[in-house]
Each structure stands twice: as C-alpha cells, then as structure tokens.
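1. Got a sequence here, can you build the structure:
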Amino acid sequence: MVKPKVVIIGGGWAGCAAAITAKKAGANVVIYERTDMLLGLGNVGGIMRNNGRYTAAEENILLGGNELFELCDECSRHKNIEFPGHQHANLYDVTIIEPKVRRLLQDKGIELYFQYRAIDIIKEGNKIKAIQLQDQSTVYGDVFIETTGSTGPMGNCLKYGNGCAMCILRCPSFGPRVSLSHKAGVEDILGQRANGSFGAFSGSCKLNKDSLSEEIVDALNSKGVYILAVPKEDINMDKLNMKVCQQYALKEYAENLILLDTGHAKLMAPFYPLEKLRRLKGFENARFEDPYAGGVGNSIRYLSIAPRNNGMKVKGIDNLLCAGEKGGLFVGHTEAMVTGSLAGHNSIRVLLGMPLLELPRNLACGDLIAYANEEILKEEGLKRRYTFAGADYFKRMKELNLYTIDRTSLKNKIERMNLLNIYNEKLV
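-> Prediction:
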C-alpha cells in the first residue's frame, strides 16, 4: 500500500504535534509554514506544566505524544517554580527551542517547507484535493490538517487592536494568514471580548534582559521570576479584560510587574507604555523584544476558528482536520500539542474510514476538547478562553477531580481505558 500523504498547513506547536502522530500512524507527512521558523507563538511563550497543564502534559505523554513535552522539559531554564496564581511551572528557553524541534521532526522523516504560504484550496465535492501556494504551485494530499492559528492578518490587528505590533508572526514580512477552512466554504467562528468586540490581545510581551538592571537579571536567572509593585497611579485593571490568557487576568497582574525568565524577560501584560516602564527602578533602560511595539499593542487572536467535532475533524469537509487555536478558543502550548496530537492520529483514521478517536471526558485532555466545543455554541462561551492553566476551565478540572500531579494514577487510568501509547500505533 502506498503511504498516505498528510499535508499540514502551519508549523506551530499544534502542527508539529500533528506531524509526529500522523508519522507514527504511518503517513508521509509534510508541513508548509509561511514564515522561516517553526513554533509560531511558541517562540515567545515558554510556560509549561503550570497548574492543570501538568496533568494534561502527563496524559498526552502516556497516550504516546511524548516527544515535544520531553523536549520542552529538556530545554527548561527553570523547573517547578511558582508565580501568582500558578504552581509547579517549567519555563523553556525560547532562544534554543525552535532548532531543536526542527531537528526532531527532520530526524523522523517529516518534510518541512518554509516561506510557503497557503492561499487557497482545490476542492472536489466535500473533499480537499490540494492547497494552492502563493508562488502558484499546487500541493496535493490525501488528508489535510489546518493549524494556521487565529492571529492576524495585519488588518485584524489594526482594526481590533492598537495596530500591527510586528509580532513574532511577522505578517508584513511573510504575508497574512489565510483561513483554508473558510476557503473550503466553512464559516469561521470569531471569539469575543467581555464587551462583545472581536478578538483578544496576546497576553504578554518581551523585554531584552540585557536592558534591565543587574539586580533584576540576577533574580530572573536564579529564581525565574521577578515581581515589582506598580505605582498606584499606573494600575490599570481594564487591561486585564483585554488579555487572551485569562488565567493571568488576576489583580496581581495589574498591581505588579511580573517578569518570567524564558531567555527573554517575559512581561506578563499585553502591553506597557515604554515611558512609564522606564520610570521604574531597574527598568530605566528597558527595551522591548518581540513584539517590537510592546509599548502600545499586541497581536490580536481568535478571529478564525473552524467548527469541528471532538476528533478534531472540521465539520462539512471530509478530509480536513484542525488543531490549536484554529480548533477552538484554546490558550497555550500544551493545549496546542494536545489537540495537534489527536488531529495527527485521527488524520489516518479519517483516510481509512475508521471511527475517530475521541479522548474520554474523564481525561482532562478529552474534557477540554469536548467542553470547549459545547461552550463555543453559546454567546457567553465565545467570550471565554479554555486552558488547563487557570480561569474557568482549571476550576472545572478541580471540581471534576481531573487535576492531579500523580503520574502513576494517570497511567493506571489510561491503561484501564486501553489507551496507553495509542498514538504509537501504526495504522497503515
């Protein structure tokens, strides 16, 4: 039998996770990424295993989707740290993670194509036959997985934010993101803020560590966290409502500057005016990294979500799956890897006409995917974000006794379900 070809559009954490599980299931896998780097927002993120993400990471590892989580652990600058509202977090080094992921995928025989922007699809009935690239070339495949995210293009950041911040996604350089599910005739779902406006600001920005005082740098390097009280006149509680990452929308994040060491100094605010920042002790010479306009704005997300089932297949298209932010109002790398791992595995089940794997709801991973899918049908549900790390969903995890850091109990549970290492099963 000729190996099926799985085409993944978008090389963020979700696309990389999907590529690995599709490859394990027996496919030839290609990733088309519009920029010159993998990981997308993962190049400026860095927070893993905080709160319920610990549970989800261990579940996904036990299911057989271990590689990316293990690589993040290996690249962590700090492990098992605490900061306001968050416990047992790891902070991976954003300056070294991308080339390591790239080599991992290449070693597995996954083909990577950079600076290839998908702009349209060729469709036959309810199936996609091929994607069309900006250079007018055509890529045929058997199954397609869209992991293009929901940030940008530039016009959305101008319309719903404070302008293009030239964030890590770099639309002005590499061209705007295109919704392929929309091109296939599937209507996108748009996330909303509390006031009903569309989209949400990314939750943090980056400072160059070398631009900060020696005291701050020493604290970041040794502890991973630095906290400084904000002058009362500069406290802005309204800023919390803008944040996509509602697990950080706590009053502590308005009343304090909270920095995390991810290689950069990760400032846990959607933006902070540079003039005000430089008035603070130790920040006199502060300079923003990605996004470069961190003083006034940030990238706008959640404007392109595909309706899908709990196996991550896009509704109305027979051979299109999705993952990451394309698949729901999900927040975080862990959430992207979890949904990507499931989409990659199910891409081969779709092709073979097998029932899709739906993760049981007594696993945090399964419950998040199903719960977010239910909530997105409600108007209030469009105003929420779904993450293992905090806000409403982490409360739900605890209420349902899904949150645990006991790996043995998780292994026993997944063994009872006969799902241990299911992502390692070769299907073709």
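
2. Please measure how far the first residue of stretch 323-334 sits from its last one.
-> 12 Å (Cα to Cα, to the nearest Å).

3. Distance from it to the middle of the chain?
-> 5 Å (Cα atoms, centre = their mean, to the nearest Å).

4. what about it, average pLDDT?
-> Throughout stretch 323-334, pLDDT has a mean value of 96.

5. Pull out the buried residues from it.
-> By neighbour count on 16 or more other Cβ atoms under 10 Å, the buried set for stretch 323-334 is 323, 324, 325, 326, 327, 328, 329, 330, 331, 332, 333, 334. All C-beta atoms are positioned from the backbone trio N, CA, C, and that covers glycine.

6. Can you give me the neighbour number for residue 293?
-> Residue 293 has 21 neighbours, counted by other Cβ atoms under 10 Å.

7. Which strand or helix spans residue 415?
-> Applying DSSP states H and E as the criterion places residue 415 in helix 407-416.

8. May I see the buried residues of that helix?
-> Quick answer for helix 407-416 (16+ other Cβ under 10 Å): 410, 413, 414.

9. one step back: dump the buried residues of stretch 323-334 to CSV, plus secondary structure and distance to residue 192.
-> What follows is the buried residues of stretch 323-334, written out as CSV (DSSP: H, G, I helix; E, B strand; the rest coil; distance: Cβ to Cβ, whole Å):
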residue, secondary structure, distance to residue 192
323, coil, 22
324, helix, 19
325, helix, 15
326, helix, 17
327, helix, 17
328, coil, 14
329, coil, 9
330, strand, 15
331, coil, 15
332, coil, 19
333, helix, 23
334, helix, 24
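
10. pull the CA atoms of the helix holding residue 415 into CSV?
-> Provided in CSV are the C-alpha atoms of helix 407-416 (Å, rounded to 0.1, in the frame of the first residue of the first chain):
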residue,chain,number,x,y,z
ARG,A,407,1.6,10.2,37.2
THR,A,408,1.1,6.7,38.5
SER,A,409,-2.7,7.2,39.0
LEU,A,410,-2.9,8.7,35.5
LYS,A,411,-1.0,5.8,34.0
ASN,A,412,-3.4,3.3,35.7
LYS,A,413,-6.4,5.3,34.5
ILE,A,414,-5.2,5.4,30.9
GLU,A,415,-4.3,1.7,31.0
ARG,A,416,-7.8,0.8,32.2
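
11. what about the closest residue to residue 80 other than its chain neighbours, how many neighbours?
-> Distance criterion Cβ to Cβ, 6 or more residues apart in numbering; nearest residue to residue 80, sequence neighbours excluded, is residue 88 at 5.1 Å. For residue 88, the tally of surrounding residues (other Cβ under 10 Å) stands at 14.

12. Need phi/psi at residue 88.
-> phi 40, psi 50 (degrees, to the nearest 10).

13. Next: residue 143.
-> phi -140, psi 150.

14. ok, it - contacts?
-> By Cβ atoms under 8 Å, 6 or more residues apart in numbering, residue 143 lies in contact with 4-7, 22, 27, 319-321, 347-348, 350-351.

15. and those residues, which of them are in strands?
-> Using DSSP state E, the members of the contacts of residue 143 that fall within strands are 5, 6, 7, 320, 321.

16. Can you tell me which of those has the most neighbours?
-> Neighbour max across those (other Cβ under 10 Å) = residue 321, 34 neighbours.

17. Mind pulling up the pLDDT for residue 243?
-> Looking at residue 243, its pLDDT reads 50.

18. which other helices and strands contact the helix holding residue 415?
-> Contact partners of helix 407-416 among helices and strands, from 3 or more Cβ pairs under 8 Å, 6 or more residues apart in numbering; DSSP states H and E: helix 53-63.

19. I'd like the mean pLDDT over the helix or strand following the helix it packs on, please.
-> On the C-terminal side of helix 53-63, the closest following helix or strand by DSSP H and E is helix 67-74. The average pLDDT within helix 67-74 is 98.

20. can you redo the buried residues of stretch 323-334 as CSV with distance to residue 92?
-> Formatted as CSV, these follow (distance: Cβ to Cβ, whole Å):
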residue, distance to residue 92
323, 20
324, 17
325, 19
326, 23
327, 23
328, 23
329, 24
330, 19
331, 17
332, 13
333, 9
334, 12
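
21. And these, which is closest to residue 159?
-> Checking those against residue 159 by Cβ to Cβ gives residue 325 as the nearest, at 18.3 Å.

22. For the closest one, which non-adjacent residue is spatially closest?
-> Per Cβ to Cβ, 6+ apart, closest to residue 325 is residue 150, 4.2 Å.

23. Next, give phi and psi for the nearest residue to residue 285 once chain neighbours are set aside.
-> Closest residue to residue 285 apart from its sequence neighbours, by Cβ to Cβ, 6+ apart: residue 211 at 4.9 Å. Backbone torsions for residue 211, taken as degrees, to the nearest 10, come to phi -90, psi 0.

24. ok, so what distance separates the closest residue to residue 12 other than its chain neighbours from residue 174?
-> Nearest residue to residue 12, sequence neighbours excluded (Cβ to Cβ, 6+ apart): residue 40, at 3.6 Å. Distance, residue 40 to residue 174, using Cβ to Cβ, to the nearest Å: 11 Å.

25. So what's the residue count around residue 193?
-> 18.

26. List the beta-bridge partners for the residue nearest to it when sequence neighbours are not counted.
-> Of all residues not flanking residue 193 in the chain, residue 200 sits nearest, at 5.9 Å (Cβ to Cβ, 6+ apart). Here residue 200 sits in beta bridges with residue 301, going by DSSP bridges.

27. cool, and residue 86?
-> With DSSP bridges as the rule, residue 86 is bridged to residue 83.

28. if I read this right, it contacts residue 390, doesn't it?
-> Yes - between residue 86 and residue 390 there is a contact at 7.2 Å, judged by Cβ atoms under 8 Å.
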